[in-house]
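In: Generate coordinates for the sequence data below:
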Amino acid sequence: MDRDNLITILKGMWIGGTMTVPGVSGGSMAMILGVYDRLISSVSSFFKNPGKSMSFLVRFVLGAGVGMVLFSRFISFLFTTRADVPLRFFFLGAVAGGVPMIYREAGIRKISLGAVAYPVIGILGVVILALLPTGLFAPDGSFGPGAVLIQLAGGVIIAVGLVLPGISVSQMLYMLGIYEGIIKNISTLNILPLIPLGAGVLGGIFLTTKVLERLMQRHPQPTYLIILGFMFGSLPELFPGVPQGIDIVYGVIAAALGFAALYVMAGKEG
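Out: Residues are numbered from 1 along each chain as shown. I've put the predicted structure just below:
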């Protein structure tokens, strides 16, 4: 296995593992690690150039799947211990460590109105999603008759959360009112009710990546800055509050380590 293939798998593992952390966006990590553009391009051009797209996507998805399996229980365990606070600060630092790379991708040369306004638009987008009433699409969380259209629409919205950095998928599921129903059906292996939702997710991913790829090609600076706003808007969900006692020291060290690790990794992509 050559170096590029191994790096793709390892980055997939990291992104897949971090997706199991509440409040951490896989899209944010993909952006920070420098694989976001290639992911968008590979999915968007899948039917046009399936061989090239599959070559990258298979390696990435393999790594992401392994990462989710390996890290999910470990991270869940850490969140039930005193390691919860340092872990959250580590990821806060990691997101901050990737900000310089995104500014570089956006081609920011000087502070302007757009350099401030576009991130604010992204932040407002996350805030609006957070303010939407829970159960908006399925108030009782049911999967009974007539829920097919709701699940199709919900799948498309979930896809947007999967693709856009800074958007918490779990938050999207709660907003749609289908989180508990999905968990119940998965735990009981009742797959049939999930088919419309899955179809909506797949369709939404292809649609969203097509739109994003075009925006990145035609309007790169505003697109990257709005994405940066999405990432900033998601940070409050990670913030565990002001730590007390020795947790202050642990939190600062963890944030510094997270910043340094992702700053170096992102810098190597520049």
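In: Would you mark the buried spots in the longest helix along the chain?
Out: When the chain is parsed with DSSP state H, its longest helix is helix 50-78. Buried residues in helix 50-78, counted by 16 or more other CB atoms under 10 Å: 53, 56-57, 59-60, 63-64, 66-68, 71, 75, 78. Just so you know, the C-beta spots here come from the backbone N, C-alpha and C atoms, and that holds for glycine as well.
In: Look at the residue nearest to Met54 when sequence neighbours are not counted and give its secondary structure.
Out: Closest residue to Met54 apart from its sequence neighbours, by CB to CB, 6 or more residues apart in numbering: Phe46 at 7.8 Å. What DSSP: H, G, I helix; E, B strand; the rest coil gives for Phe46 is coil.
In: Can you get me a residue count around Asp2?
Out: If you count neighbours by other CB atoms under 10 Å, Asp2 ends up with 6.
In: Can you lay out the buried residues of helix 50-78 as TSV showing distance to Ala261?
Out: Shown next, in TSV, are these (distance: CB to CB, whole Å):
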residue	distance to Ala261
Ser53	29
Phe56	24
Leu57	25
Arg59	22
Phe60	20
Gly63	18
Ala64	19
Val66	20
Gly67	16
Met68	20
Phe71	15
Ile75	16
Leu78	17
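In: ok, which pair from those residues is furthest apart?
Out: Farthest pair in the buried residues of helix 50-78 (CB to CB) is Ser53 and Leu78. Separation: 35.0 Å.
In: need the contact list for the nearest residue to Thr208 once chain neighbours are set aside.
Out: Nearest non-adjacent residue to Thr208, counting by CB to CB, 6+ apart: Val163, 4.4 Å away. Residues in contact with Val163 (CB atoms under 8 Å, 6 or more residues apart in numbering) are Gly27, Ile40, Gly204, Ile205, Thr208, Thr209, Leu212.
In: Repeat that for Gly258.
Out: Neighbour list for Gly258: Phe89, Phe90, Phe91, Leu92, Gly93, Ala94, Val95, Ala96, Gly97 [criterion: CB under 8 Å, 6+ apart].
In: any idea how far it lies from Val95?
Out: 8 Å (CB to CB, to the nearest Å).
In: where in the stretch 51-200 of the chain is pLDDT low?
Out: Low-confidence regions of the stretch 51-200 of the chain, defined by pLDDT under 70, span residues 72-73, 75-76, 78-82, 105, 129-130, 132-147, 161, 166-187.
In: give me that answer again for 50
Out: Residue ranges of the stretch 51-200 of the chain with pLDDT under 50: 139-141.
In: where exactly do the helices run in it?
Out: 84-106, 113-131, 148-163, 169-176, 179-187, 195-218 (DSSP state H, counting those that start in this stretch).
In: In the longest one, which residues are buried?
Out: So that's helix 195-218. Buried residues in helix 195-218, counted by 16+ other CB under 10 Å: Pro196, Leu197, Gly200, Val201, Gly204, Ile205, Thr208, Thr209, Leu212, Glu213, Leu215, Met216.
In: any idea how far Arg218 is from Val211?
Out: 11 Å.
In: repeat for Lys110
Out: 22 Å.
In: Export only the CA atoms of stretch 66-74, formatted as CSV.
Out: What follows is stretch 66-74, C-alpha atoms only, in CSV (Å, rounded to 0.1, in the frame of the first residue of the first chain):
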residue,chain,number,x,y,z
VAL,A,66,-13.0,1.3,11.1
GLY,A,67,-12.6,4.6,13.0
MET,A,68,-16.3,4.6,14.0
VAL,A,69,-16.1,1.0,15.3
LEU,A,70,-12.8,1.5,17.1
PHE,A,71,-13.4,4.8,18.7
SER,A,72,-17.1,4.9,19.4
ARG,A,73,-17.0,2.8,22.6
PHE,A,74,-13.7,4.3,23.7
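In: Give me the residues contacting that stretch.
Out: Contact with stretch 66-74 is made by Ile9, Gly12, Met13, Trp14, Ile15, Gly16, Gly17, Thr18, Met19, Thr20, as judged by CB under 8 Å, 6+ apart.
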